[in-house]
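[1] Sequence first, predicted coordinates after that:
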Amino acid sequence: MRVLAVVHQDDAGLGVFGEALPDGTSLEVWRPAEELGPHLVEVDPNAVIVLGGAMNAHEESEHRWLRTEKQWIAGLLSRGVPVLGVCLGAQLLAEAAGGSVRRVAQPEIGWHEVRLEPGAGEDPVLSGLPERFSSFQWHSYEAVPPQDATVLARSRLALQAYRLGRSAWGIQFHAEVSARTLESWIANYGTDPDAVAIGVDPDRLRAESRPAIEGWNELGRGLARRFLAVAERR
């Protein structure tokens, strides 16, 4: 099985999703900001995981590779390649499919409750999650998938998960984030103007995260395993 992870910055990698890769998986990592060309023509993955990043989906003038990446994701969708988009990845996936991205009324940073929609009960990736669960979030925008998408989960402020057809999923919450990465984000929260604006308290966020992260990581590994199982069957 060949898996391609699309990484937009050093502190937003596969995290605990990497622990869910089946034995014998061939993992490749692509950094679009550094190298667009070869992976657009040479990589033929069985599954693609598009991860997060501090940039926003509309910032194509600052990050010119974003437009090309969206076009590449659209090509994956047209070929039926299984795709899982996380946070920024979910937003890029929505745009590639003909949807859009919009700013949420208030940034979601920290632990927020997510509730599954009725359609999630039959979904091969989301069905393993509790009906309601506390999730780790760090975003100021949300994906707005096309009308034919199946909405799978929401929080009070944003759409949290959706499916396109039978082989592509977008999740807004950071199911992949490891304890080490979470600490890095908290330590550097001051680089995010929205985190500063809403008054993120790093000490409080650390205290909330310590008892929650182990269970959260187990949920993330399970979600990744179910996605990869779908990809393996296809």
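    Looks like it arrived, so ask away. Residues are numbered from 1 along each chain as shown.
[2] which residues of the chain fall in helices?
    In the chain, the helices defined using DSSP state H lie at 37-41, 65-79, 88-96, 179-187, 193-197, 202-209, 213-233.
[3] relative orientation of the second one and helix 88-96 in degrees?
    Yep, that's helix 65-79 we're talking about. Here helix 65-79 points in a direction 70 degrees away from that of helix 88-96 (axes from the mean of the first three to the mean of the last three Cα atoms, to 10 degrees).
[4] thinking again about what came up before, please work out which of the helices of the chain is packed deepest.
    Mean neighbour count (mean count of other Cβ atoms under 10 Å) peaks for helix 88-96 among the helices of the chain, with a mean of 28. C-beta: built from backbone N, CA, C; applies to glycine.
[5] Reformat the helices of the chain as JSON lines; add distance to residue 54.
    Formatted as JSON lines, those follow (distance: least, Cβ to Cβ, whole Å):
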{"stretch": "helix 37-41", "distance to residue 54": "21"}
{"stretch": "helix 65-79", "distance to residue 54": "13"}
{"stretch": "helix 88-96", "distance to residue 54": "8"}
{"stretch": "helix 179-187", "distance to residue 54": "10"}
{"stretch": "helix 193-197", "distance to residue 54": "10"}
{"stretch": "helix 202-209", "distance to residue 54": "17"}
{"stretch": "helix 213-233", "distance to residue 54": "20"}
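[6] and residue 8, which of the ones you listed is closest to it?
    The closest of those to residue 8 is helix 88-96. By Cβ to Cβ, the value is 6.4 Å.
[7] Save the helices of the chain as JSON lines, and put in mean pLDDT too.
    As requested, the helices of the chain are exported to JSON lines (pLDDT from 0 to 100):
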{"stretch": "helix 37-41", "mean pLDDT": "56"}
{"stretch": "helix 65-79", "mean pLDDT": "93"}
{"stretch": "helix 88-96", "mean pLDDT": "98"}
{"stretch": "helix 179-187", "mean pLDDT": "96"}
{"stretch": "helix 193-197", "mean pLDDT": "96"}
{"stretch": "helix 202-209", "mean pLDDT": "97"}
{"stretch": "helix 213-233", "mean pLDDT": "96"}
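[8] Residue 13 is nearest to which of the ones you listed?
    helix 179-187 (7.5 Å).
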